[in-house]
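Visitor: mind looking at a prediction? Sequence and model below.
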Amino acid sequence: MSRHVFSALFVAAAMFGSGCDEKLNSLTGPTPNLQPTLASIQREIFDTTDSAGRQSCITCHSDQGRTPSGGLVLTVGRSYQSLVSVVSSRKAGATLVIPGDPDNSYLIHKLEGAPDIVGVRMPRTGPPYLTSGQLLVIRRWIQLGAKND
């Protein structure tokens, strides 16, 4: 029986991986233009307060006139260098974004409110938090290698 379950999961994962990016706008709710690229995540998530009222990330993660929360700068031109393959300043041994590995990327843990995080779920001003569709797109960007695109 487990062999059939594994086969079904494999087929579902393959279908998800091949068609994921085509209908994202139906999943991402308050950010219908969100795509699994850094430029899109920057514009739609980091820089923008969305229509559901979730605060932009740069509300706290900017160094414009202050020290950014957790030392993490998510402004245009700096977010990639602040996230990808960078060790967390708050949790020992955690890496913010591990290209190809969203499950072990601490950014995902913080955004989902996983039990292993230090501090609170992001955004700190939530709820509202990112929707499951928004999180899916960020996970997909990481899964695709977290490119600086």
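Guide: Received it, and whenever you're ready, just let me know what you need.
Visitor: ok, residue 141 - contacts?
Guide: Neighbouring residues of residue 141 by Cβ atoms under 8 Å, 6 or more residues apart in numbering: 36, 37, 38, 41, 147. C-beta coordinates here come from the backbone N, C-alpha and C atoms, glycine included.
Visitor: make a ChimeraX selection of the buried ones in these.
Guide: Burial among the contacts of residue 141 is assessed by 16 or more other Cβ atoms under 10 Å; the matching ChimeraX selection reads:
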select :36,37,38,41
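Visitor: secondary structure and distance to residue 70 added to the contacts of residue 141, as CSV?
Guide: Compiled in CSV, the contacts of residue 141 are given as follows (DSSP: H, G, I helix; E, B strand; the rest coil; distance: Cβ to Cβ, whole Å):
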residue, secondary structure, distance to residue 70
36, coil, 24
37, coil, 24
38, helix, 19
41, helix, 18
147, coil, 23
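Visitor: and the two most separated of the contacts of residue 141?
Guide: 41 and 147 (11.2 Å; Cβ to Cβ).
Visitor: returning to what we had before: from the contacts of residue 141, which is closest to residue 121?
Guide: Using Cβ to Cβ, these come closest to residue 121 at residue 41, 18.0 Å.
Visitor: wait, that closest one touches residue 138, no?
Guide: Yes - Residue 41 lies in contact with residue 138 (Cβ atoms under 8 Å); the separation is 6.1 Å.
Visitor: picking up where we left off before, out of the contacts of residue 141, the closest to residue 102 would be?
Guide: Distances from residue 102 to the contacts of residue 141, taken by Cβ to Cβ, are shortest for residue 36, at 10.6 Å.
Visitor: and that closest one, backbone torsions?
Guide: The phi and psi values for residue 36, taken as degrees, to the nearest 10, are phi -80, psi 60.
Visitor: where does it land on pLDDT?
Guide: What the model reports as pLDDT for residue 36 is 96.
Visitor: so it sits against residue 140, correct?
Guide: Yes - between residue 36 and residue 140 there is a contact at 3.9 Å, judged by Cβ under 8 Å.
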